[in-house]
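1. from the sequence below, what's the structure:
(2 chains)
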Amino acid sequence: MATKKILLIEDEAFICELYSRALTKAGYDLDVKMNGEEGLAAALTDTYDLVLLDLLVPGLSGIEALHKLRGSDKALHGKIVITTNMDQDEQNRADVEKLADGYLIKAEITPKQLVGIIDQMFAQIEAGANPVIEQPASTISA
Amino acid sequence: MDNLKPLRRHNASVIFGAFFAVFALAALSLITLLAVQDNRIIAYAFGATTAVLGSLCAAVVLGHSTLRSSEFLAGAILHITRDNQVVGAPDITCVPAARDFINNLAQTVYQMAGAIPTAQAQQKIEDTSASNFPQSVLQNTPLAIYVLSKDGSLTYANQVGVEYAQLKMPEAIGQKFYDVIKLSFASTDTLEAWLKSSENQRATATHTWERVQLGVEEGATKQCDMAVHFSKDNPDGIESVIILFDQTERYTKDDHGASFVSMAVHELRTPLTVMRGYIELFEDEIAPKLDPEQATFMRNLSAQGEQLAAFVSNVQNFARIEANELSLSLKEEPWGSIVEGAVKDMNLRANVRKKTLQYQIAPDLPSVAVDRSTIYEVLVNLIENAVKYTLVDAPVTIRTYKKDENWVETVIEDKGVGIPDSIIGRIFEKYYRSHRSSQTVGGTGLGLFLSKTIVTAHGGEIWVKSHEGQGSTFGFTIPTFASVASQLTPGDNKAIVRGAHGWIKNHTLYRG
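-> This next block holds a predicted model:
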C-alpha cells in the first residue's frame, strides 16, 4: 500500500502534536495546518487521501469549507472526516452528513483509536470496498 | 332566577367580596408558597385551582354569576401568573406536587366542561345565566382548553384554544382532534397512546406532558406543557379535556441554554481530548518503566479520563433531550458484542475501584434494533452505578437474554448498598439523588434519567428491583430486530447512524 497522505486541519497545538505523533508513527504522510485559510488552500490542491477537518478553526467556517471541497466541482477526491468536539445542530448536521465521510468527536477517541479507524478505512478502500468503518461506540481506548 | 336579581343588584359588593376572598386566598397561597420555596408553579397552579374551585363554589352558593365575575377569575389567574403575561404557564417539571395541582386544575375544568353542550360551535358568550357560568369561565380563561368526545373529535375549544392552535372555526368542531391540532411528542408517551391505554384500563385518569410541540402553520411550532383529564362513559359525551400551557418562551430560552451547554461541552472536551491523548502516550511509552504503584496511578488517571468523557457526553445528551432533539436511528445490531464491548470498556473503571465485572450472553440472542451509541450509554450508566454503589467485595453481573419473541432483556445486578423502598419510585427522575447517596457517593442524578429516556425512546422499558443492604438489579428491554424490521426504512443498513460519539459512513462493527 502506497503511503497515504493525510491533511490535518486543527488549531489546538496539543492535539496536533498527539495526532501527528500517532499518525506519523503509523506510517502516514501527514501535513498539519493550524489555520483555516491555509488548511483549505492545502486541501484544494487535491493531493490528499484524507482530510481530517475540525469544524471550528480560526479563519474557516467548517461547513463552508465542506461545501467548497465537496460542492458541485468536487474539488477534493480524497475522504473527509470531521474531527471536532462540537456537536452540530440539526441544520449543520444534515450538511455534514451529506458532504463528509465521517464525523468523530475527538474527546471520545484516543489518538490510537483514531489511527485504528483510519487504518481500517484505508484497508477497506484498498480492498476495493467503500469504507465500512465505525467509530467504536465506546469512549474508551481498547 | 328572577328572584335573585335584587340580590345581585343590591349585594354586588357581597358577591365581589366573596370573589375577592377567593382571590385573596389564592394570593395568600401564592405568597406563602413563594416565601416557602420560591416556586412559581405551586403558587400558580394552586392559585388557579383555588380560584376556579372558589368561583364555582361562589356561583353555587350565591345561585348566580355574571360574565363580569368570570373576567375577574381570568384576571385573578392572570394576576397570579408571573410577569402578568396573558398566557402564562406554570412549570410542571419543578416539583412533583405541582403535578397534583395541575391535575386538580384539569379535573376542575373537566367538570366545568360538563356544562357545555356537545358539538357546540365557537360563539361569543352572551348568556350570563348561572348554567353558563362554567362556560363563560372556560371561554375567558387564559389557557387553551379543548374538549374531545368519545370518538376523539373536537367538541369545544375556548377562545385561547382557537387562537393558540389557529383553528378554523366553526369547521374544526366535529373533526378529529389529531387532524386539526398537530401535536408531536418527545417520546412514545403520546396523547393518542395514553388515551388508548386509559380507555382500556381506567375509569378516569389525568396525565401531564412536558414540552409538547404544537404545529401551527407551515414549519412553525409552539412548545407547551399539557394536562389531560380522561373520563370513561361520561353522560355528557365528553371523554377528555385537554389544557395546553404555552411554554414557548421558556423553552426557547432553554434552547439558547442548550446551545450554551453545547459550547461548554466543546470547551470541556478540548482539554479532555488532550489529557486522554497524553495519558495514552504515557501508557504506551512510559508504562514499562513504571513501578507497580506508579502504574496504578496511571490506570486511575486513565479511568478518570474515560469517566469524564462519558459524563460530558451525558451532559450533551441531556441537553439534547431537554431541547427535544435527541434523534435515534435504529439499526440491526448484534447485541451480544455491544454488551461485551461495554463490559470490556468498563473493566478498567471497575478494576481501579477493585471491582470485577462478570457477564453472560445467551447463545440464542437475536439481533436487536438499537441506536448503538446511545444505547451503549445506558449500559455504561447502569454498570457505572452498580460499581459505584457496591462498597463490598462482590462482582457486578451483567446478563442478557431473549425475554420473548419481541424483546431482549439486559440485567445488571450488584450486591451493593441497595435502594430504600421510600425512594425507589423516584430514582429515574431528573436530578433525583437520595439524601443519603448524595452524602456517600458522587453523582449528578442524570444517569438514570438519561437511561430511562433512551430506553423508552427505543420502545423498551427500564426497571429496578432492590433490597436495601443487599443490592440492586436494573434491567431494560430493547426490541429484537425481527419485531420492528417492518417499520424500519428499507435499505437502512447503509443509513448514517447519529450518535453522541460520531460516525463514519457505511457501518460495520469496529473494535479498536
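2. tell me the buried residues in the host helix or strand of B:Trp194?
-> Per DSSP states H and E: B:Trp194 is located in helix B:191-201. Neighbour-count burial for helix B:191-201, with 16 or more other Cβ atoms under 10 Å in any protein chain shown as criterion, is recorded at B:191, B:194-195, B:198. All C-beta spots, glycine's among them, are computed from the backbone N, C-alpha and C.
3. and the nearest residue to B:Asp371 once chain neighbours are set aside, what element?
-> Spatially, and ignoring its direct neighbours in sequence, B:Asp371 is nearest to B:Leu328 (3.8 Å; Cβ to Cβ, 6 or more residues apart in numbering or on different chains). Under the criterion DSSP H and E, no helix or strand holds B:Leu328.
4. check the gap between B:Leu328 and B:Ile454 for me.
-> When distance is defined by Cβ to Cβ, to the nearest Å, B:Leu328 is 8 Å away from B:Ile454.
5. swap in B:Lys182?
-> Counting by Cβ to Cβ - B:Lys182 and B:Ile454 are separated by 26 Å.
6. of those two, which one has the most company?
-> B:Ile454 (25 against 12; other Cβ atoms under 10 Å in any protein chain shown).
7. quick one on the thing from earlier: so what sits against both of B:Leu328 and B:Ile454?
-> Counting by Cβ atoms under 8 Å, 6 or more residues apart in numbering or on different chains, the common neighbours of B:Leu328 and B:Ile454 are B:Thr374.
8. show me where chain A has strands.
-> Here chain A has its strands, by DSSP state E, at A:5-9, A:29-33, A:50-53, A:56-57, A:60-61, A:79-84, A:102-105.
9. TSV for the ones you listed, including mean neighbour count and distance to B:Val315?
-> What follows is those, written out as TSV (neighbours: other Cβ atoms under 10 Å in any protein chain shown; distance: least, Cβ to Cβ, whole Å):
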stretch	mean neighbour count	distance to B:Val315
strand A:5-9	23	27
strand A:29-33	19	30
strand A:50-53	26	25
strand A:56-57	20	18
strand A:60-61	18	26
strand A:79-84	24	17
strand A:102-105	25	13
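10. distance to chain B and mean pLDDT added to these, as JSON lines?
-> Output for the strands of chain A, formatted as JSON lines (distance: least, Cβ to the nearest Cβ, whole Å; pLDDT from 0 to 100):
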{"stretch": "strand A:5-9", "distance to chain B": "13", "mean pLDDT": "95"}
{"stretch": "strand A:29-33", "distance to chain B": "15", "mean pLDDT": "95"}
{"stretch": "strand A:50-53", "distance to chain B": "11", "mean pLDDT": "94"}
{"stretch": "strand A:56-57", "distance to chain B": "7", "mean pLDDT": "80"}
{"stretch": "strand A:60-61", "distance to chain B": "16", "mean pLDDT": "77"}
{"stretch": "strand A:79-84", "distance to chain B": "7", "mean pLDDT": "90"}
{"stretch": "strand A:102-105", "distance to chain B": "3", "mean pLDDT": "86"}
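11. flag the shaky bits of chain B, pLDDT-wise.
-> Along chain B, the parts satisfying pLDDT under 70 run over B:1-103, B:111-134, B:186-187, B:218-219, B:236-238, B:252-259, B:323-325, B:327, B:433-444, B:487-512.
12. check chain A too.
-> A:1, A:72-73, A:88-94, A:130-142.
13. and the helices in it, which stretches?
-> With DSSP state H as the criterion, chain A has helices at A:13-25, A:36-44, A:62-70, A:90-99, A:111-126.
14. how far is the second one from where the chain is centred?
-> Yep, that's helix A:36-44 we're talking about. Distance of helix A:36-44 from the chain centroid (Cα atoms, centre = their mean, to the nearest Å) equals 13 Å.
15. OK, contacts around the residue nearest the centre of chain A?
-> Closest to where the C-alpha atoms of chain A average out (Cα atoms, centre = their mean) is A:Leu52, at 1.9 Å. By Cβ under 8 Å, 6+ apart, the contact set of A:Leu52 is A:6-10, A:19, A:81, A:83.
16. distance-wise, check it relative to A:Gly62.
-> For A:Leu52, the distance to A:Gly62 - Cβ to Cβ - is 12 Å.
17. ok, back up a step: measure the residue nearest to B:Asp371 to chain A for me?
-> Relative to chain A, B:Leu328 is positioned 13 Å away (Cβ to the nearest Cβ, to the nearest Å).
18. that residue and B:Val455 touch, don't they?
-> No - if you go by Cβ atoms under 8 Å, B:Leu328 and B:Val455 don't touch, sitting 10.9 Å apart.
19. and these two? which has more neighbours close in?
-> Neighbours were counted for B:Leu328 and for B:Val455 using other Cβ under 10 Å; B:Val455 has more, 24 against 18.
20. could you list every helix and strand in contact with the host helix or strand of the more buried one?
-> Assigned by DSSP H and E, B:Val455 falls within helix B:447-457. Contacts defined by 3 or more Cβ pairs under 8 Å, 6 or more residues apart in numbering or on different chains; DSSP states H and E place helix B:447-457 against helix B:292-322, helix B:372-388, strand B:462-467, strand B:471-479.
21. much appreciated, bye for now.
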